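All I have is the shape, not the residue letters:
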């Protein structure tokens, strides 16, 4: 499945116009909303395949709109915001946003986030068994990881961490989301513990652990794994 209809929720006419032109040129159908109330109505009636949502709306906070959206739809939501506070990004992601792009932004970056969201939707509809990232291959059925044809020996937790990141490739995953998924909800605040394991994992799978190309840090927020097929 590819994303075809995008709902853009932003109260800035210039942003709306820019996104309409760029997304239409890329082959998307664009529907627009200027307020949170309008966004919820359109999302419920127009069946968008993805939503680009600004957090600073005139009638409601974008996070509240996101929470209401998640009550009835699971379509990808990309947060678009000028807010640079880490807490805002983390809260939106933990509430169900798929990714975020900061203003000012490039159209290329937003397109990349939409493509990653589309891949995640497709992955959820088919059973994944093998993931490839350049020379790194992850066989999920066999719990086997190879790089350049040679097996990479990982501990069970290192493998679980790698699998969690790789199955969300191209998308940011917060510290809390990773910790809860790999170690359980009781460990969602153990960010230093997570950094240690990320360091160990990078040492085993990265060509240059000091300049990681596979596991990228999103400062203060979490990590983003490389795009599928990307050389590392």
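Arrived safely, thanks for sending. As the structure is a prediction and not an experimental result, all values here were calculated from the model.

use CA for all of it now, contacts and neighbours both
Noted.

I'd like to know which elements the helix or strand hosting residue 23 is packed against.
For residue 23, the host element (DSSP states H and E) is helix 13-25. Helices and strands touching helix 13-25, as assessed by 3 or more Cα pairs under 8 Å, 6 or more residues apart in numbering; DSSP states H and E, comprise strand 29-33.

what angle do the strand it packs on and helix 13-25 make?
Interaxial angle, strand 29-33 versus helix 13-25 (axes from the mean of the first three to the mean of the last three Cα atoms, to 10 degrees): 160 degrees.

and the residue located most distally from the centre of the chain, what does it touch?
Using Cα atoms, centre = their mean, the residue of the chain lying farthest from its centre is residue 150. It sits 29.4 Å away. Residue 150 makes no contacts at all, as judged by Cα atoms under 8 Å, 6 or more residues apart in numbering.

Check residue 40 too.
Here residue 40 is in contact with 65, 68-69 (Cα under 8 Å, 6+ apart).

try residue 39
Here residue 39 is in contact with 7, 9, 32-33 (criterion: Cα under 8 Å, 6+ apart).

Pick the one among those residues closest to residue 220.
Comparing the contacts of residue 39 against residue 220 with Cα to Cα places residue 9 closest, at 25.9 Å.

And the residue farthest from the centre of the chain, what's its pLDDT?
Predicted confidence (pLDDT) for residue 150: 95.

what residue ranges in the chain score low on pLDDT?
When residues are selected by pLDDT under 70, those of the chain lie in 1-2, 83-84, 122-128, 228-232.

ok, back up a step: reformat the contacts of residue 39 as TSV; add neighbour count and distance to residue 46.
Shown next, in TSV, are the contacts of residue 39 (neighbours: other Cα atoms under 10 Å; distance: Cα to Cα, whole Å):
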residue	neighbour count	distance to residue 46
7	23	9
9	27	13
32	20	11
33	19	12
